[in-house]
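1. predicted model follows, preceded by the sequence.
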Amino acid sequence: METLFIEFFQNTGFALCDYRNIIMIFIGIIFIYLGIAKHYEPLLLVPIGFGMLMGNIPVFQGLGLGIYEDNSVLHYLYFGVTQGIYPPLIFLGIGAMTDFSTLLARPVLMLLGAAAQTGIFITFLGALALGFAPNEAASIGIIGGADGPTAIFLTAKLAPKLIGPIAVAAYSYMALVPVIQPPIMKLLTTRKERLIKMEELRKVSKKEKIIFPIISFLLCCFLAPAALPLLGMLCFGNLLKEAVVTERLAIAARTSIIDSVTILLGMTVGASTQGNVFLTTESIRIFILGALSFGIATACGLLFAKIMNLFLKEKINPLLGAAGVSAVPDSARVVQVVGQQEDPTNFLLMHAMAPNISGVIGSAVAAGVLWSFMS
């Protein structure tokens, strides 16, 4: 009887567990807490957090349970991550739920989204200096765009073994936008600058909104053909939204499709963080570089807005530059919150959506450029 009990215990997760599994389970619980209690991107952090719990239950190799076993269910679900299938579907939903009219109303704000992508290339150089291979450095740099799907897509193509830490880092920093960005915004702007009020945006015609996704797709993809899967789906989703006659498809894209894919992507990315695979010095360096990348991207957007004001007759509020990272719409909301802390009557949200949308397009183009060069 005692022998049977010992054999049973040896087959349980308690006997197979090591300290790395415990650490990752604890991190997963923190993610779930932040999503539920603090409302930090709950649609991302809750699936990722629970995925971490699933991925760190110790199991025997060969039973077809672990995410890295070829015949497991989790491995088949993870296929959408490793082959870059889920990110374009996420972009389809984002396009179908995003109004591009703010970008069309004042196109000059598009430059702020482009400026924020500087952080991607600065971090790329920093990762190279730290000894990462060029393809790995490119995947780490894209974290600065604060765009989880783009980071996963590029990493799946260039550095598949780093998908776990890069995806978790990208989504972590996206969720922590309300924590990370405000100190940088206040440090790099004066109170006088934060009080600048923006003029009311012009009304954009329906024809402009229909033409824009077609023209922007053609221009961006001729410039960076490797961005086609992401930008194609983003612009197609937006066209479905604006065309009106395809409203049923637009509703499906921005509800059932994006929700289903978000669940699968978040859960499998979380499950990929097995302690023995995830807890390495390489992962720690990726998290540090990712934080620097995100901070640099935010700073570049803010500083470029201040430079633009040297030449513009109608000044823009430099806070809008922080929305140049592509964490849609969280970074735009942070701009609104910080602006209203100085003046409750200052409404910057709709203006901030212009560089925010531009940042989404810019990070996808940057990913396409890096992919084409690394290939």
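-> Thanks, I have it.

2. what secondary structure does V59 sit in?
-> Classification of V59 using DSSP: H, G, I helix; E, B strand; the rest coil returns coil.

3. burial count for it?
-> A count of nearby residues for V59, using other Cβ atoms under 10 Å, gives 15. To be clear about C-beta, it is placed using only N, CA and C from the backbone, and glycine gets the same treatment.

4. and what of A224?
-> Residue neighbour count, defined by other Cβ under 10 Å, stands at 18 for A224.

5. would you mind measuring from it to L111?
-> 17 Å (Cβ to Cβ, to the nearest Å).

6. OK, contacts around the spatially most central residue of the chain?
-> Taking Cα atoms, centre = their mean as the criterion, D147 is the residue nearest the geometric centre of the chain, at 2.1 Å. Going by Cβ atoms under 8 Å, 6 or more residues apart in numbering, D147 touches 170, 174, 325-327, 359-360, 363-364.

7. so what's the residue nearest to V334 when sequence neighbours are not counted up against?
-> What sits nearest to V334 in space, not counting adjacent residues and going by Cβ to Cβ, 6 or more residues apart in numbering, is Q181, at 5.1 Å. The contact partners of Q181, taken as Cβ under 8 Å, 6+ apart, are 298, 322, 331, 334, 338.

8. could I get the residues you listed in JSON lines, plus columns for secondary structure and neighbour count?
-> Shown next, in JSON lines, are those (DSSP: H, G, I helix; E, B strand; the rest coil; neighbours: other Cβ atoms under 10 Å):
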{"residue": "T298", "secondary structure": "helix", "neighbour count": "30"}
{"residue": "A322", "secondary structure": "helix", "neighbour count": "31"}
{"residue": "S331", "secondary structure": "helix", "neighbour count": "28"}
{"residue": "V334", "secondary structure": "helix", "neighbour count": "24"}
{"residue": "V338", "secondary structure": "helix", "neighbour count": "21"}
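
9. which of those lies closest to G131?
-> G131 lies nearest to T298 out of these, by Cβ to Cβ, at 26.0 Å.

10. of all the contacts of Q181, which comes closest to I257?
-> Once Cβ to Cβ is applied, the member of these that ends up nearest I257 is S331, at 23.8 Å.

11. ok, the closest residue in space to that closest one that isn't next to it in sequence to S358 distance?
-> Excluding its sequence neighbours, the residue lying closest to S331 (Cβ to Cβ, 6+ apart) is A323, at 4.7 Å. The gap separating A323 from S358 is 9 Å, by Cβ to Cβ.

12. now swap in A37 and tell me
-> From A37 to S358 the distance is 33 Å (Cβ to Cβ).

13. quick one: which of those two has more around it?
-> S358 (28 against 9).

14. ok, and the closest non-adjacent residue to the more buried one?
-> Nearest non-adjacent residue to S358 (Cβ to Cβ, 6+ apart): G113, at 2.6 Å.

15. helix, strand, or coil at the one you found?
-> Relying on three-state DSSP, one would call G113 helix.
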